[in-house]
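# here you go, sequence then predicted model.
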Amino acid sequence: MIRGKISFRCTECRKVFFGLDIEWQARALTMPIPCPNCGSKHTLPVLASKQTYENVWKTMDENN
């Protein structure tokens, strides 16, 4: 489900950008979207903890 737009930050290039706030696997977490600057998929909402998203990135990397 799309919940609106939020600020993301990239853990690779540290760019902050806006993107759609989309549920990740029907959970409260927001799905990471690719960074428009470097293309990394290791992005997270600005106010989120990097620790929370490490498992999300691991799952995404395993599926690709």
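All right, it came through fine.
# in this protein, which spans are helices?
Taking DSSP state H, the helices of the chain run over residues 50-63.
# please enumerate the strands of it.
2-10, 16-22, 43-45 (DSSP state E).
# so for the longest one, what's the average pLDDT?
Regarding strand 2-10, the rounded mean pLDDT is 96.
# which strands or helices does that strand pack on?
Contacts defined by 3 or more C-beta pairs under 8 Å, 6 or more residues apart in numbering; DSSP states H and E place strand 2-10 against strand 16-22, strand 43-45. Placement of C-beta: from N, CA and C, glycine included.
# mind putting these into a markdown table with mean pLDDT and mean neighbour count?
Shown next, in a markdown table, are the helices and strands packed on strand 2-10 (pLDDT from 0 to 100; neighbours: other C-beta atoms under 10 Å):
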| stretch | mean pLDDT | mean neighbour count |
| --- | --- | --- |
| strand 16-22 | 96 | 14 |
| strand 43-45 | 97 | 22 |
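# would you turn those into TSV with distance to Leu29?
Below are these laid out as TSV (distance: least, C-beta to C-beta, whole Å):
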stretch	distance to Leu29
strand 16-22	10
strand 43-45	9
